[in-house]
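# how does the following fold in three dimensions:
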Amino acid sequence: MYFQQTAKRKKALLCVMLLLLTGYIFCLPRELFDVSCATVVTDRNGELLGARIAADGQWRFPPCDTVAEKLAICLTTFEDRYYRYHWGVNPCALGRALVRNVSAGRVISGGSTITMQTIRLSRQKKRTVGEKLIEIILATRLEFRYSKDRILALYASHAPFGGNVVGVDAAAWRYFGHSPDQLSWAEAATLAVLPNAPATVHPSRNREALRKKRDRLLRQLYQRNVMDAMDYELALSEALPSAPHPLPQSAPHLVSYFHQHRPGKQTVTSLDHGVQTHVESLLERWHATFVQSDIRNLAAIVVDVRTNRVLAYCGNVNFMSQHSGNQVDVIRAPRSTGSILKPLLYYAALQDGDILPHMLLPDIPMDIRGFSPQNFNRQFDGAVPASQVIARSLNVPSVSLLSRYGAPKFYGFLKNAGLSTLTRPSSHYGLSLILGGAEATLWDMTSVYADMARTLNGAARTTCSFLLREETPGNRPEIFRPGAVWQTFDAIKEVNRPEDIDWHTLPSMQTIAWKTGTSFGFRDAWAVGVTPAYAVGIWVGNASGEGKPGLTGARTAGPVMFDVFNILPASAWFEPPAGAFTEVDVCRLSGHLKGRFCDDTETLLICPNGQKTTACPYHKPVTLTVDERFRVYEHCAGDRETVRQNRFVLPPAWEWFYRQHHPEYKPLPPFRADCGDDAQLPMQFIYPHGHAHVSLPKQLDGSRGQITFELAHSSGNATVYWHLDEDYVTATRDFHKLSLSPSAGEHSVTVVDDEGHTLSIRIVVD
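Reported below is the predicted structural model:
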């Protein structure tokens with residue numbers, strides 16, 4: 001009987017012990033601290049860029065993993081000198097505190113270890129004897145879960161430092177303006193004594209008491225040979241912090257982005273604090289200039305081409321201002337593209353074999369279903385090499401090239417290239433796509449140009465990011481080919497620079513492929529440039545969309561872009577891509593493949609697809625009289641001596657404008673009266689084109705508006721007779737322009753020159 005009772009007692013005791021052990025094992029919550037944290041954003045080296053306060057109004061940074069060495073020494077020396085030797089509870093310290101409290105008749109010492117204080121901070125309970133026992137139990141359990149360094153980091157991350165400052169990271173920045181890793185001995189000692197009584201001892205009150213506590217701690221460190229005499233004297237001489245420091249405000253728009261998408265987290269970005277600071281200062285200086293012209297907003301982004309990571313992110317200027325749209329992150333805001341897409345069209349046409357680098361494109365007035373583009377200077381060149389079209393940013397030949405390449409095809413290319421703002425079908429944009437009819441973001445445009453540069457560097461196409469390490473793989477399908485990219489960059493590196501100097505002659509000027517853009521109404525000014533090392537994107541304007549005279553990419557964004565490049569390390573130009581080209585003979589004047597009648601040729605490297613382009617159509621054989629005043633046919637020349645030549649001949653409308661800019665151009669002479677019947681018409685309508693729909697609005701006086709017909713004739717002294725429908729109107733000589741006001745409906749306009757050549761077009765008047 002006795003043995004049975006003993007066995008039952010043992011079983012009961014064992015059950016109790018198992019229950020107590022189970023309770024002990026599971027008594028500690030999985031997460032000690034369930035508190036909101038500030039959003040903290042740092043650069044690639046851990047330098048603080050900016051922060052946003054926690055939801056509960058506390059400056060509490062996300063918990064740190066380690067504590068800086070000086071601060072760890074100061075904390076353990078002041079709060080718990082035997083911290084490294086006990087298991088969460090120091091019996092001697094508890095006994096000593098009990099004796100002191102009994103002697104004083106009140107609580108003057110708690111005897112808590114750092115581990116116990118960590119538990120108390122996590123529980124936030126009223127301080128009682130029962131709560132003290134719970135802290136003791138949980139503290140010993142915490143010692144089994146975490147290392148000493150981890151527990152110290154938990155304490156340092158959640159200890160109060162006065163006011164609404166919680167945690168050593170926030171305290172270091174608020175009181176000393178730098179990270180805990182850079183704390184001096186005096187600063188570390190100051191922070192170590194603050195959590196002991198943050199409500200009564202604080203840098204803004206009881207400063208003398210704070211100084212005495214700091215100095216006592218410093219003396220202990222000196223007496224224990226933690227610091228030498230010189231460090232001790234220097235530490236004693238350091239002044240206490242006064243007013244809290246404002247936190248850094250670098251890349252504020254990016255900090256706000258993370259506060260919205262990753263609140264309460266610490267994010268390590270790919271930004272370089274030094275580059276970011278330099279770019280921000282530069283933008284502020286330019287902003288002071290632009291604002292005098294009521295241009296209030298400015299954005300810049302710098303991408304490291306080699307890593308495809310963002311080095312500087314300036315979404316706008318003057319972030320703290322509540323006016324003028326300064327808080328708008330323009331880097332991510334869709335804006336009208338202006339001409340910034342033209343090099344991409346040039347690249348696509350080269351790669352697909354639609355053009356060769358210097359192939360002539362028409363630069364004459366055009367009307368395509370009511371769309372009549374104009375060059376910025378309101379002039380026409382007749383015909384321009386494609387490379388110069390891009391370098392000079394000519395609108396009319398660019399529209400002609402897009403019409404030739406196909407707007408839907410180019411639209412698809414842009415989407416594949418990464419333009420995320422093309423949300424409407426291709427038909428919505430039409431040919432205006434190349435002149436700013438679509439919107440893009442500075443992020444997308446800079447990323448696209450960086451992708452092109454990476455292609456020449458032989459790097460894979462990846463997603464551009466402002467994170468130091470991507471959370472998911474960022475590889476994307478390759479759409480750029482080195483050969484066409486090289487030829488595109490070769491064209492846009494010749495764009496005239498704002499300095500208006502010959503940069504080729506200055507060794508200090510690095511080669512940069514760059515392009516500007518100006519939207520309709522002078523609302524957006526763009527500049528994007530690339531080198532093998534960096535891609536820089538600049539936007540200037542008003543976030544409200546308000547246009548301003550003089551707001552052009554060349555005058556505003558371009559100079560800012562070159563200033564940004566000047567603060568970046570220079571790099572050598574790209575190496576020509578090996579095996580990317582085919583060698584062909586090209587007509588020097590037309591840029592086409594060599595034709596049968598091309599006498600002046602050059603050898604050129606082209607993309608392989610360029611071999612399918614047409615041979616030169618502008619050189620043709622002609623038979624002339626000896627004095628070259630007339631053309632003749634060989635069958636009627638008789639015994640008279642003739643000269644046979646291969647001549648460069650443009651269509652009449654092209655020729656009309658081309659001759660004004662190229663005095664060396666030789667037009668064909670007329671046929672001799674007794675020996676010629678020109679099968680090719682010597683005249684061509686410049687405006688309007690056939691089957692055009694024309695609207696004639698009423699004038700201010702109520703009269704009906706007019707349409708001005710313009711004709712080009714290869715002969716400079718020809719007389720042209722004009723007819724509207726069946727009625728003769730008038731004759732013109734030298735300059736063939738005629739203004740008419742036809743009634744609504746369909747009409748025909750017929751012209752006859754004094755050689756008998758006839759040309760007609762039909763138009764519809766609305």
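# which stretches of the stretch 451-600 of the chain form strands?
513-518, 524-530, 534-541, 582-587 (DSSP state E, counting those that start in this stretch).
# would you format those as CSV with mean neighbour count included?
Where C-beta positions appear, they are placed from N, C-alpha and C, glycine not excepted. Output for the strands of the stretch 451-600 of the chain, formatted as CSV (neighbours: other CB atoms under 10 Å):
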stretch, mean neighbour count
strand 513-518, 26
strand 524-530, 28
strand 534-541, 29
strand 582-587, 17
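# just put those strands in TSV and tack on distance to residue 216 and mean pLDDT.
Compiled in TSV, those are given as follows (distance: least, CB to CB, whole Å; pLDDT from 0 to 100):
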stretch	distance to residue 216	mean pLDDT
strand 513-518	62	95
strand 524-530	59	97
strand 534-541	53	98
strand 582-587	82	96
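# kindly reformat these as JSON lines containing distance to residue 730.
What follows is those, written out as JSON lines (distance: least, CB to CB, whole Å):
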{"stretch": "strand 513-518", "distance to residue 730": "40"}
{"stretch": "strand 524-530", "distance to residue 730": "45"}
{"stretch": "strand 534-541", "distance to residue 730": "48"}
{"stretch": "strand 582-587", "distance to residue 730": "41"}
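# and the strands in the stretch 101-250 of the chain?
Per DSSP E, counting those that start in this stretch, the stretch 101-250 of the chain has strands spanning 165-166. These are given in chain order.
# same deal with the stretch 601-750 of the chain?
Listed in chain order, the strands of the stretch 601-750 of the chain (DSSP E, counting those that start in this stretch) span 601-606, 619-625, 642-648, 683-687, 692-694, 707-713, 719-724, 727-733, 736-740, 745-753.
# remind me which residues of the stretch 1-150 of the chain are low pLDDT?
1-5, 93, 95, 97-110 (pLDDT under 70).
# rewinding a little: including mean neighbour count, could the strands of the stretch 601-750 of the chain go into a markdown table?
Formatted as a markdown table, the entries for the strands of the stretch 601-750 of the chain read as follows, by neighbours: other CB under 10 Å:
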| stretch | mean neighbour count |
| --- | --- |
| strand 601-606 | 16 |
| strand 619-625 | 16 |
| strand 642-648 | 15 |
| strand 683-687 | 20 |
| strand 692-694 | 16 |
| strand 707-713 | 20 |
| strand 719-724 | 17 |
| strand 727-733 | 13 |
| strand 736-740 | 16 |
| strand 745-753 | 17 |
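# can you add distance to residue 243 and give those back as CSV?
Written out in CSV, the entries for the strands of the stretch 601-750 of the chain read as follows (distance: least, CB to CB, whole Å):
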stretch, distance to residue 243
strand 601-606, 66
strand 619-625, 80
strand 642-648, 77
strand 683-687, 70
strand 692-694, 71
strand 707-713, 72
strand 719-724, 84
strand 727-733, 82
strand 736-740, 75
strand 745-753, 81
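# please identify which of these is closest to residue 49.
For residue 49, the closest of the strands of the stretch 601-750 of the chain is strand 601-606, at 45.5 Å, according to CB to CB.
# let's have the strands of the stretch 601-750 of the chain in a markdown table, adding distance to residue 325 and mean pLDDT.
Putting the strands of the stretch 601-750 of the chain into a markdown table (distance: least, CB to CB, whole Å; pLDDT from 0 to 100) gives the following:
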| stretch | distance to residue 325 | mean pLDDT |
| --- | --- | --- |
| strand 601-606 | 46 | 95 |
| strand 619-625 | 55 | 89 |
| strand 642-648 | 53 | 89 |
| strand 683-687 | 41 | 83 |
| strand 692-694 | 40 | 80 |
| strand 707-713 | 42 | 86 |
| strand 719-724 | 53 | 85 |
| strand 727-733 | 53 | 81 |
| strand 736-740 | 45 | 86 |
| strand 745-753 | 49 | 87 |
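# nearest to residue 319, out of those strands?
Taking CB to CB as the criterion, strand 601-606 is the member of those that comes nearest to residue 319, at 48.2 Å.
# ok now the closest one, how far from the chain's centre?
From the chain centre to the centre of strand 601-606 is a distance of 36 Å (CA atoms, centre = their mean, to the nearest Å).
# which residues touch that strand?
The contact list for strand 601-606 (CB atoms under 8 Å, 6 or more residues apart in numbering) reads 356-358, 581-588, 594.
# a markdown table for these, including distance to residue 703?
As requested, these are arranged in a markdown table below (distance: CB to CB, whole Å):
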| residue | distance to residue 703 |
| --- | --- |
| 356 | 50 |
| 357 | 50 |
| 358 | 48 |
| 581 | 60 |
| 582 | 60 |
| 583 | 62 |
| 584 | 58 |
| 585 | 58 |
| 586 | 53 |
| 587 | 50 |
| 588 | 52 |
| 594 | 55 |
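# for the residue lying closest to residue 427 once chain neighbours are set aside, grab the count of nearby residues.
In space, not counting the residues next to it along the chain, residue 427 is nearest to residue 408; the distance is 7.8 Å by CB to CB, 6 or more residues apart in numbering. One way to gauge burial is a neighbour count; for residue 408, by other CB atoms under 10 Å, it gives 14.
# cool, and the one 3 residues further on?
Residues lying near residue 411 (other CB under 10 Å) number 22.
# my guess is it is in a helix, correct?
Yes - the secondary structure assignment for residue 411 places it in a helix, going by DSSP: H, G, I helix; E, B strand; the rest coil.
# what's the spacing between it and residue 515?
19 Å (CB to CB, to the nearest Å).
# would you mind saying which of the strands of the stretch 451-600 of the chain lies nearest residue 149?
Residue 149 sits nearest to strand 534-541 of all these, at 40.0 Å, using CB to CB.
# what lines up beside that closest one in the sheet?
When sheet partners are counted by DSSP bridges, strand 534-541 sits next to strand 297-304 (antiparallel), strand 524-530 (antiparallel).
# nearest to residue 367, out of the ones you listed?
The closest of the strands paired with strand 534-541 to residue 367 is strand 524-530. By CB to CB, the value is 26.2 Å.
# if we can go back for a sec, and the residue nearest to residue 427, what element?
helix 407-417 (DSSP states H and E).
# ok, for residue 145, nearest residue in space, not its chain neighbours?
Distances taken as CB to CB, 6+ apart place residue 28 nearest to residue 145, at 6.4 Å, with adjacent residues excluded.
# give me phi/psi at the one you found?
Note on residue 28: backbone dihedrals following degrees, to the nearest 10 are phi -90, psi 130.
# that one - how many residues pack around it?
Residues within reach of residue 28, counting by other CB under 10 Å, total 19.
# what's near enough to touch it?
With contacts defined as CB under 8 Å, 6+ apart, residue 28 is in contact with 138, 141-142, 145.
# how does it look with 10 Å?
Residues near residue 28 by CB atoms under 10 Å, 6 or more residues apart in numbering: 119, 122, 137-142, 144-146.
# of those residues, which belong to helices?
When helices are assigned by DSSP state H, the members of those inside them are 119, 122, 137-142, 144-145.
# quickly check those residues for the two that are furthest apart.
Based on CB to CB, the longest span within the ones in helices among the contacts of residue 28 runs between 122 and 144 and measures 16.0 Å.
# how about the closest residue to residue 269 other than its chain neighbours, what does it touch?
For residue 269, the nearest residue in space outside its immediate sequence neighbours is residue 466; the separation is 5.2 Å by CB to CB, 6+ apart. Contacts for residue 466 (CB under 10 Å, 6+ apart) come out as 41, 251, 254, 257-258, 267, 269-271, 301, 303, 309-313, 331, 443.
# confidence score at the residue nearest the centre of the chain?
Among the residues of the chain, the one closest to the centroid is residue 443, at 3.3 Å (CA atoms, centre = their mean). As summarised for this prediction, residue 443 has a pLDDT of 98.
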